[in-house]
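Engineer: Generate a structure from the sequence data that follows.
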Amino acid sequence: MIAIIEIIDRYIRLSPGPYSDAVKNELYYIKSVQVREPGRAVRYEQERVDLYSDDSGYLLFPRGFEQRVKDFLDSKNVPHTTKVVSEMTLPDADMSNLGELRPGQLEVLQAIGDSKCGVVDALTGFGKGVMIEKVIKMYPNQTHGIFTKSKSVCNMLYERLSKVFPSAGCWNSSIHKKGNPIVCTVGSMGHIELDKIEVAQFDEVHQLVIPSFLQFYPKFKGSKFIAYSATPDDRMDNSALAVEGFFGPKLIKVDYQDGVKLGLVVPIEVFCIEAQGTTTGTYFQNMKHDIARQRYGYWSNDARNNLIAKTVYEFLPKKINEKDPQILILVDKVEHALQLQKKLPDFKVAHGPMSADSAKKFQQEGLLDGDPPSKKDVEALQEQFSQGKERRAIATSIWSTGVDFPELAVIIRADGGASKIKDVQMPGRVARLAKGKDKGILIDFSDSFDAWALRRARSRRTNYESKGWSVIDVTI
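Structural biologist: Alright, predicted model coming up:
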């Protein structure tokens, strides 16, 4: 029996056969779901997610699984043939007008040109914006769409592309301008003629396996799909297989060590800070609520915040020859940023909008003097920090995406997080090339004062070491 593989725009249909059940077992994953209930600790439940549908034996699954299924059939010695029912036809990629490229980028563009869909797994700082621009030039007569979850990234990409392509458009909650290429947030995809897009590019694809994107997935028809991420395999819900299904297999991988060898980024040096005389207790691990554990373990932990201040004012000057290095402290919550600012008065704070009630509460607690910064104030601070005019800042996740700080010398992770994606994405921002910069410094903390916090810190350390970064223990 010959298996028939039919390409139907964004989907593949596989004819019935004795191989069908085995194929099904290749196209599902076990999703981890976080469950929160009042008065109980957070727990995780698991559920099966099928990435196919079965219609009387015919299996229908996303286009990205085409090669996986072909390889599986080959491994079982099942002969197969491919039939194109419907898809967009593109000309060969034009590689003659790409201009200057950094090392390694041509190989990425060649892999993109040779593929109908796929994921570029490339380190932060590789030059994603350059890649997006060059792909548009590779298909100069086609209709292009660039999609991202973040409005700030959408605006940044539009600003960049509009300088090269005067006909560029942008569509999000603030800007409504049609054009080609068009940059669009996932939340605004319903306003775009997706069926007309011939080349679609997706930023931070690990964020896009979500209902607000998947409902529009079929409307893309047979367009070329190219996606970018430094962490396509690290989703906490275990859905990396879904990323492959909807966006395609990994086309090429450029990790941090490759980036350093190619001269694309500077090496990262990690210092893991411990306070002298610290003993491990069990203060927070038995608290039922995550918010309480994080508030007392990190945000309002006076001893830990003092250690962060000591790191800035005593440790870093001994490690950096630069007279006024640019330093960014990353936190999860505004409350933590304000607590730290009291100990680091020369640092500016960047955070999202604050309600009147929250501002009043922080004022009463003595954490906020006067009114909170406006959206324009925060945008101006980001611009000044990007230009190197401001040298010290504390930021919440508002600066986790859509920012570029070339002069950034030091990142201090005060957040105490436990996310593999953050462990890669956050430090990557300090590895960008800049004149006179030979390395990027990441400061983290061993947090051995509590067993729960210590486990999280060890998880971060493991992720750093897996990237080949040097991790140095320091007691101060």
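
Engineer: Touching, residue 186 and residue 213? I think so.
Structural biologist: Yes: at 4.9 Å, residue 186 counts as touching residue 213 under the criterion of C-beta atoms under 8 Å. Where C-beta positions appear, they are placed from N, C-alpha and C, glycine not excepted.

Engineer: any common contacting residues for those two?
Structural biologist: Both residue 186 and residue 213 are contacted by 147, 149, under the criterion C-beta atoms under 8 Å, 6 or more residues apart in numbering.

Engineer: hang on, residue 338 in a strand?
Structural biologist: No: under DSSP: H, G, I helix; E, B strand; the rest coil, residue 338 sits outside any strand and is assigned helix.

Engineer: Count the residues that sit near it.
Structural biologist: Number of residues near residue 338 (other C-beta atoms under 10 Å) recorded here: 22.

Engineer: Could you do residue 114 as well?
Structural biologist: By other C-beta under 10 Å, the residues close to residue 114 number 11.

Engineer: roughly how far apart are it and residue 152?
Structural biologist: 32 Å (C-beta to C-beta, to the nearest Å).

Engineer: Same question for residue 268.
Structural biologist: 24 Å.

Engineer: what about those two, which has more around it?
Structural biologist: More crowded of residue 268 and residue 152, by other C-beta under 10 Å: residue 268, with 22 against 18.

Engineer: so residue 339 touches residue 305, yeah?
Structural biologist: Yes: Residue 339 lies in contact with residue 305 (C-beta under 8 Å); the separation is 5.8 Å.

Engineer: ok, these two, which is more surrounded?
Structural biologist: With neighbours defined as other C-beta under 10 Å, residue 339 and residue 305 compare such that residue 339 has more, 26 against 19.

Engineer: Spell out, range by range, the helices that occur in the stretch 301-450 of the chain.
Structural biologist: 302-310, 316-319, 334-343, 356-364, 375-386, 420-428 (DSSP state H, counting those that start in this stretch).

Engineer: Out of those, which gets nearest to residue 5?
Structural biologist: helix 420-428 (33.3 Å; C-beta to C-beta).

Engineer: The closest one packs against which elements?
Structural biologist: strand 408-413, helix 451-466 (3 or more C-beta pairs under 8 Å, 6 or more residues apart in numbering; DSSP states H and E).

Engineer: out of these, deepest packed?
Structural biologist: Highest mean neighbour count of these: strand 408-413, a mean of 23 (counted as mean count of other C-beta atoms under 10 Å).

Engineer: The worst-scoring helix or strand of the chain on mean pLDDT to helix 451-466, inter-axis angle?
Structural biologist: Within the chain, no helix or strand scores below helix 420-428, which has a mean of 77 by mean pLDDT, DSSP states H and E. Counting by axes from the mean of the first three to the mean of the last three C-alpha atoms, to 10 degrees, helix 420-428 lies at 60 degrees to helix 451-466.

Engineer: Pull the residues that contact helix 420-428.
Structural biologist: 123-125, 206, 230-231, 234-236, 256, 265, 268, 270, 330, 400, 411, 413, 415, 417, 440, 442, 459-460, 463-464, 467, 469.

Engineer: again with stretch 92-101
Structural biologist: Identification of contacts with stretch 92-101 by C-beta under 8 Å, 6+ apart yields 106, 109-110, 112-113, 130, 134, 137-140.

Engineer: again with stretch 300-318
Structural biologist: Contact partners of stretch 300-318, identified using C-beta under 8 Å, 6+ apart, comprise 271, 273, 275, 297-298, 325, 327, 329, 335-336, 339-340, 343-344, 410, 412, 414, 441, 443, 445, 447, 449, 474, 476.

Engineer: List only buried entries from those.
Structural biologist: 271, 273, 275, 297-298, 325, 327, 329, 335-336, 339-340, 344, 410, 412, 414, 441, 443, 445, 447, 449 (16 or more other C-beta atoms under 10 Å).

Engineer: Which element, helix or strand, includes residue 278?
Structural biologist: Taking DSSP states H and E as the definition, one finds residue 278 inside no helix or strand.

Engineer: Pull the contacting residues for the most centrally placed residue in the chain.
Structural biologist: Nearest to the geometric centre of the chain sits residue 204, at 4.8 Å (C-alpha atoms, centre = their mean). By C-beta under 8 Å, 6+ apart, the contact set of residue 204 is 148-150, 153, 228-229, 401.

Engineer: try it again with 6 Å
Structural biologist: residue 229 (C-beta atoms under 6 Å, 6 or more residues apart in numbering).

Engineer: Could you check how far it is from residue 64?
Structural biologist: Remark: distance between residue 204 and residue 64 (C-beta to C-beta) = 17 Å.

Engineer: for residue 339, same thing?
Structural biologist: 45 Å.

Engineer: What are the buried residues along stretch 192-210?
Structural biologist: Within stretch 192-210, the residues that qualify as buried are 192, 194, 197-209, counting by 16+ other C-beta under 10 Å.

Engineer: With stretch 58-74 instead?
Structural biologist: For stretch 58-74, burial by neighbour count (16+ other C-beta under 10 Å) applies to 59, 61-66, 68-70, 72-73.

Engineer: Just the closest of these to residue 384, please.
Structural biologist: Nearest to residue 384 among these: residue 64, at 41.4 Å, using C-beta to C-beta.

Engineer: and the closest one, that's in a strand?
Structural biologist: No: counting by three-state DSSP, residue 64 is not part of a strand but helix.

Engineer: I figured it hits residue 244, correct?
Structural biologist: Yes: Residue 64 lies in contact with residue 244 (C-beta atoms under 6 Å); the separation is 5.3 Å.

Engineer: which residues are in contact with both of those two?
Structural biologist: Joint contacts of residue 64 and residue 244 (C-beta under 6 Å, 6+ apart) do not exist.

Engineer: which residues of the stretch 301-450 of the chain score low on pLDDT?
Structural biologist: When residues are selected by pLDDT under 70, those of the stretch 301-450 of the chain lie in 401-402.

Engineer: So for stretch 16-26, first residue to last residue, what's the gap.
Structural biologist: This stretch, stretch 16-26, spans 16 Å end to end (C-alpha to C-alpha, to the nearest Å).

Engineer: outside of that stretch, which residues touch it?
Structural biologist: Residues from elsewhere that reach stretch 16-26 (C-beta under 6 Å, 6+ apart): 1, 3, 57, 72, 78.
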